[in-house]
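In: A structural model of the following input is requested.
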Amino acid sequence: MTTNDSVQVSVLGLGAMGGALAGALVKAGYATTIWNRSAGKADDLVAQGAKAAATAGDAVGASGLVIACLLDHASVHEVLDPLSEDLAGRTLINVTTTSPAQSRELAAWAAAAGVAYLDGGIMAVPHMIGQPGSSILYSGSADVFQQYKPLLDQWGTSTYFGEDAGLASLYDLALLAGMYVMFAGFVHGAAMVAPAGVTAREFAGMAAPWLTAMTGGFQGFAAVIDGGDYTVEGQQSLEFSDLGHLLAASSDQGISTEVVAMVQRLIQRQIDAGHGREGFARIFESIRQPV
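Out: Numbering: from 1, shown residues only. From the prediction side, this is the model:
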């Protein structure tokens, strides 16, 4: 494994996340070169000890390890395609948010250019980088992950999912799917109680412990889904889970029913197929086999 005494690293992209990643490396003592398309964002990091590169090419040439944290998949190609020859023989770790297919495409592009490639999915917001709770998922080259793990660990807990470069992105987006649907559910609840004079802050005080407690049910759902038997005793049935009363109450409060209606459709599809007495986890089949 390498250490911060022997690694020269360049960070391309100094948005909120890229700046946080570069800052953590500078703080840890890594020789860090930074580049950003627009001027001005490098000033604070230079004051902390980073070296600013005038061009992306200069940044790539300064280090054996290049970190890309850019706007999107297209931006990665826009910046790096002209530099493919300069990147040859170097290592690229891409933590730009991409889809699994885009991550695999970048891995293939890197392989063709002679670049060792690791893809990363950041499960944190910028202020969490380097703090407890920050987690970053990786897939792609196992050699790159092992070689640079001490550096990666400066950002948060590092977890490796295998040689398929798309797996980190897949896990990242799957986890975000759960987060956004949960957030939408909370916001729906806040909208329901608002006409009664309840503030969102008050509602959050009740919702946070309740939702936290409910996550304890994940493992039970997982066991049923993996077992493929939705008739296992002890489950709440789909018929009992019908959300008609929730939809009616939402309408009575004068708010949109879109969030709850989405779940109701998943439930109803299984009831209509004759599975109403089976467990709620069966909505997995509605999701897995879309209409």
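In: all the strands of the stretch 51-200 of the chain, residue numbers only.
Out: 51-52, 65-68, 91-94, 116-123, 135-140, 157-160 (DSSP state E, counting those that start in this stretch).
In: residues contacting the first one, please?
Out: This means strand 51-52. 31-35, 42, 45-46, 62 (C-beta atoms under 8 Å, 6 or more residues apart in numbering). (Glycine included, C-beta is placed from N, CA and C.)
In: before we move on, the earlier item: including mean neighbour count, mean pLDDT and distance to Val26, could the strands of the stretch 51-200 of the chain go into CSV?
Out: Compiled in CSV, the strands of the stretch 51-200 of the chain are given as follows (neighbours: other C-beta atoms under 10 Å; pLDDT from 0 to 100; distance: least, C-beta to C-beta, whole Å):
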stretch, mean neighbour count, mean pLDDT, distance to Val26
strand 51-52, 18, 97, 10
strand 65-68, 25, 98, 12
strand 91-94, 25, 98, 17
strand 116-123, 25, 98, 18
strand 135-140, 24, 98, 18
strand 157-160, 17, 98, 19
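In: count the neighbours of Phe41 for me.
Out: I think there's a mix-up here, since residue 41 is Lys and not Phe. By other C-beta atoms under 10 Å, the residues close to Lys41 number 19.
In: make sure it is actually in contact with Leu14.
Out: Yes: A contact is recorded between Lys41 and Leu14 when judged using C-beta atoms under 8 Å, the distance being 4.1 Å.
In: with adjacent residues omitted, what lies nearest to Thr231?
Out: Counting by C-beta to C-beta, 6 or more residues apart in numbering, the nearest residue to Thr231 once its immediate chain neighbours are dropped is Glu278, at 5.5 Å.
In: per-residue pLDDT, the one you found?
Out: Among the per-residue scores, Glu278 holds a pLDDT of 98.
In: what's the burial count for the closest residue in space to Gly15 that isn't next to it in sequence?
Out: When the adjacent residues along the chain are set aside, Gly15 lies closest to Cys69, with 7.0 Å between them (C-beta to C-beta, 6+ apart). If you count neighbours by other C-beta under 10 Å, Cys69 ends up with 25.
In: and the one 4 residues further on, by the same measure?
Out: Using other C-beta under 10 Å, His73 has 18 other residues around it.
In: roughly how far does it sit from Leu14?
Out: His73 is 19 Å from Leu14, where distance means C-beta to C-beta, to the nearest Å.
In: need phi/psi at the residue nearest to Gly15.
Out: Backbone torsions of Cys69, given as degrees, to the nearest 10, read phi -130, psi 80.
In: next up, the contacts around it.
Out: When contacts are counted by C-beta under 8 Å, 6+ apart, Cys69 touches 11-13, 15, 17-18, 21, 95-96.
In: of those, which is the most crowded?
Out: When neighbours are taken as other C-beta under 10 Å, the top entry among those is Val11 (31 neighbours).
In: hmm, it is touching Trp35, no?
Out: Yes: Val11 lies in contact with Trp35 (C-beta under 8 Å); the separation is 7.4 Å.
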